[in-house]
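J.: sequence and computational prediction follow.
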Amino acid sequence: TRRQVKASPRGGTRGLRARAPAPSRVACTIVAVIGGVADGAVVLDQLDVIVGLDGLDAGAQLRDHPLPRLARGEDRAVQVLERGVDQVQDRVRVDAEHDDDEQEPAADPGRDEELERIFQVGAESVVRVFPFGLEPLRLALIEFPLAAVARVARLFRLPLGWVRTRACRAILDADVVVEAVFERMDVKKPVFAELDRVVNKDAFLFSNSSALDLEELATVTGRQDKVAGTHFFSPANVMKLLEVVRGDATAADVLATALALAPKIRKTAIVSGVCDGFIGNRMIEELLRQAGYLIDEGASPLQIDRAMESFGMAMGPFKVADMAGNDISWFIRQRRAKERPELRYSKIGERLYKLGRHGVKSGGGWYDYIPGRRDPVVSLVMKAEIDAHRQEIGITPRKVSDKEIVQRLVFALVNEGARILEEGIAQRASDIDMVYLTGYGFPAYRGGPMFYADTVGLANIVNRMAFFAKGYRGDSWQVAPRLAELAKKAATFN
C-alpha cells in the first residue's frame, strides 16, 4: 500500500492495508521522527524513509519533493508538532528559564497526559507497515526534533532537558533506534547516552553518522556490542546506498540485522570498518582537497563541475557541496585540523564560511541561488573572493584543462581507495565501487572508481600521480602502498 497513514483517536492507525503479505510474514513498523526539518512529522507516500535531513535545506527539499505529505489532523498535539513546517526558517530560541535541567517538575496529571499524547501522536502520525520476512521488528528512526521539543517546553513552561527525556521515552520499547542528529560528537554522545538509558536493554542502537568514530560514540552506552552505523546518503529517499559500519565490538546479529533491513527499505548495504569518513566520505575528502587546490591554481567551480559531469558524474563536487551545506564541511575541516594537522586544504573554503555562504539553504555558496529556483547561478561574489584569495596566497592563475581536472579528482579517489583496502576498512574493491555507484553518482558505465582504474591501467595512474607530485601541493600525491604494489606487478584491483 502507498496510502497515507493518520493517527486514530484511540492511539492506533487507520489507512493501513498490507500489500497481500504471505501468512508467514509479519508486519514491521517504522517510526520516523524527522527533526530540524520542522516541528512535525512527515508521512512519505512511498516505502523509503527520509533520515538525517537537516535544517533549512531539508525543509526546502521536503517542500519541493512531490512525495512527502504532512500528517494532518484535528488533534492539537499534531498541530503543535506540525507548527514549524511552514516556518522552517524560524530557529527556536528557548528562554533562559527553559534550560537543560532534567529535574522533574511538580506532578500535574492533566499536563502529563497531554505530553504523552503529543509524543505518542507525533510518532503514530508517521507509522508505516510493510511485510518483513525475518522477525517482528519495530524500527524507530529518530532525529530528535529539538525544535519541536523546545516548543513543547515553552508551551508548558517546563525544563527543556526534562521534556527531551520524556520525548526519548516515547520510543523506549523500540527494537532498533537509528540516531540522526547533527554531525558532532558532543551532540551525538548525550543522545546515545539517553537512548541507552531509556530504550529496552536488548535494543540495537544505530547511528547515521557520516564520519565520526563509532567506537568512541559507543563508549557512552552499556551495550557496545549492540551499536553499529547505518549511514544513509542524502537525499535519503533517493540514494540507494546504506553504509553499514561495523565496530570492533559490534555483534554478528547486530550486523546481520542492519544488512537484512537494508533491502526491506530498498537500500544497497555495503559494510565498512571504522575510520574517519568510513569508505565514501573518506575518499571524497581527497577529491575535495584536489578540487580546492585546482581553484587555487586557476580553475573555477563551474569548470570543475562541468568537467566532472562530462566525465559522467551525476553532479559536480561544488554543486554537491552547496546542497549538502558548506557549514558542515567547515566543521569537519575544523575537527580534522586538530586530529590530523598534516592535512592541508585550500583556504578558499574559509572565506566561503565567513561570508555565511552555506549553500542552497542560505541562498548562496559556491554559486548563487535565486528564490524559488534550485539551479545554481555563477556568483560574481565568489569570483571576486577567489581572485582575492589567489592574490593573498601569491598565485598567478594558469589555464587548467578538463582532462587534468578529471584525472586529479578521480585518481585521488583511487589512491585513497587503495589505502582503505590495505587497512581492511573495505573488504574488496568492488565494495568501494558499489559505494560510489549507489551513493555518489559515479557513472555506472565506468564501473566505479576502482574498476575504472583497472581499465586505465594502474601503472599509468602511478606515473600520472608522479607528474602531479611535481606541481602545486605535490606532497598530497603520496602513492598508496597497495596501488604501487599492484602497478609494479601489472595487476588490477578487481
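T.: Noted; the coordinates are in hand. What you see is a predicted model; the values in this text were computed from it and never measured.
J.: and A174, how far from V198?
T.: Distance of A174 to V198, given as CB to CB, to the nearest Å: 10 Å. (Glycine included, C-beta is placed from N, CA and C.)
J.: with neighbour numbers in mind, choose between those two.
T.: Per other CB atoms under 10 Å, whichever of A174 and V198 has more neighbours is A174, with 23 against 18.
J.: what's near enough to touch S207?
T.: By CB atoms under 8 Å, 6 or more residues apart in numbering, the residues touching S207 are V178, E179, A180, K188, F192, L214, L217, V227, A228, G229, T230, V245.
J.: what sits up against the strand or helix carrying I432?
T.: Per DSSP states H and E: I432 is located in helix 429-439. Taking contacts as CB under 8 Å, 6+ apart, the residues outside helix 429-439 that touch it are 233, 239-241, 243, 268, 270-271, 279-280, 283, 413, 417, 420-421, 426, 442, 444, 447-451, 493-494.
J.: got it, and stretch 274-287?
T.: Contacts to stretch 274-287, defined as CB under 8 Å, 6+ apart, come from residues 210-211, 213-215, 229, 231, 233, 241, 243, 245-248, 270, 272, 317, 332, 336, 339-340, 409-410, 412-413, 415-417, 420, 423, 425-426, 431-432, 435-436, 439-440, 449, 476.
J.: picking that back up, report the buried members of the contacts of S207.
T.: Buried members of the contacts of S207, counted by 16 or more other CB atoms under 10 Å: V178, E179, A180, K188, F192, L214, L217, V227, A228, G229, T230, V245.
J.: select from these every entry located in strands.
T.: Under the assignment DSSP state E, the buried ones among the contacts of S207 contribute V178, E179, V227, A228, G229, T230, V245 to strands.
J.: where along the stretch 301-450 of the chain do the helices fall?
T.: For the stretch 301-450 of the chain, applying DSSP state H, counting those that start in this stretch gives helices covering 301-311, 317-324, 326-339, 348-354, 380-393, 402-423, 429-439, 449-456.
J.: which of those helices comes out lowest on mean pLDDT?
T.: The weakest mean pLDDT among these belongs to helix 326-339, with a mean of 86.
J.: want to throw the ones in strands among the buried ones among the contacts of S207 into JSON lines with pLDDT and distance to K361?
T.: Formatted as JSON lines, those follow (pLDDT from 0 to 100; distance: CB to CB, whole Å):
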{"residue": "V178", "pLDDT": "85", "distance to K361": "23"}
{"residue": "E179", "pLDDT": "84", "distance to K361": "22"}
{"residue": "V227", "pLDDT": "96", "distance to K361": "30"}
{"residue": "A228", "pLDDT": "96", "distance to K361": "30"}
{"residue": "G229", "pLDDT": "95", "distance to K361": "25"}
{"residue": "T230", "pLDDT": "93", "distance to K361": "24"}
{"residue": "V245", "pLDDT": "97", "distance to K361": "27"}
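J.: what is the nearest of the residues you listed to D327?
T.: Compare each of those with D327 using CB to CB and the shortest gap goes to E179, at 20.4 Å.
J.: follow-up on the earlier one: nearest to G364 among the buried ones among the contacts of S207?
T.: The closest of the buried ones among the contacts of S207 to G364 turns out to be A180 (CB to CB; 26.4 Å).
J.: which stretches in this protein count as strands?
T.: With strands called from DSSP E, the chain shows them at 6-7, 13-14, 26-33, 42-44, 68-70, 128-132, 138-142, 176-179, 204-207, 227-232, 241-245, 268-272, 367-368, 377-378.
J.: any chance of the ones in strands among the buried ones among the contacts of S207 in JSON lines, with distance to Q391 too?
T.: Listed next are those as JSON lines, based on distance: CB to CB, whole Å:
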{"residue": "V178", "distance to Q391": "47"}
{"residue": "E179", "distance to Q391": "45"}
{"residue": "V227", "distance to Q391": "49"}
{"residue": "A228", "distance to Q391": "48"}
{"residue": "G229", "distance to Q391": "43"}
{"residue": "T230", "distance to Q391": "45"}
{"residue": "V245", "distance to Q391": "43"}
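J.: buried among the contacts of stretch 274-287? Need that as a selection in PyMOL.
T.: Applying 16+ other CB under 10 Å to these, the buried members can be selected in PyMOL as follows:
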select buried, resi 210+211+214+229+231+233+241+243+245+246+247+270+272+317+332+336+409+410+412+413+415+416+417+420+425+426+431+432+435+436+439+440+449+476
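J.: so D225 touches A249, yeah?
T.: Yes - counting by CB atoms under 8 Å, A249 is a contact partner of D225 at 5.0 Å.
J.: for burial, what's the neighbour tally of A269?
T.: A269: 19 surrounding residues under other CB under 10 Å.
J.: and the gap between it and A180?
T.: Here A269 is placed at a distance of 17 Å from A180 (CB to CB).
J.: so where's the stretch 101-250 of the chain shaky on pLDDT?
T.: 101-104, 115-152, 164-173 (pLDDT under 70).
J.: what's the burial count for the residue lying closest to Q407 once chain neighbours are set aside?
T.: Once flanking residues are discounted, Q407 sits nearest to R464: 6.0 Å by CB to CB, 6 or more residues apart in numbering. By other CB under 10 Å, the residues close to R464 number 16.
J.: didn't R464 look like it was pressed against A412?
T.: No - in this structure R464 lies outside contact range of A412 using CB under 8 Å: 11.3 Å.
J.: how near is N208 to R374?
T.: Distance from N208 to R374, counting by CB to CB: 24 Å.
J.: between the two, point out the one with more neighbours.
T.: For N208 versus R374, the count of surrounding residues by other CB under 10 Å is larger for N208: 23 against 12.
J.: how about that one, nearest residue that isn't a chain neighbour?
T.: A180 is the one closest to N208 (CB to CB, 6+ apart), at 3.9 Å.
J.: and the one you found, how close does it get to F232?
T.: Separation of A180 from F232 (CB to CB) stands at 8 Å.
J.: what do you get for R390?
T.: Distance check for R390 against F232: by CB to CB, it reads 38 Å.
J.: more neighbours: which of those two?
T.: A direct count of neighbours by other CB under 10 Å for R390 and F232 places F232 higher, at 25 against 17.
J.: surely that one meets E179?
T.: No - checked against CB under 8 Å, the pair F232 and E179 is beyond contact range at 11.5 Å.
J.: now do the shared contacts for these two.
T.: Taking CB under 8 Å, 6+ apart as the contact rule, F232 and E179 both touch N208.
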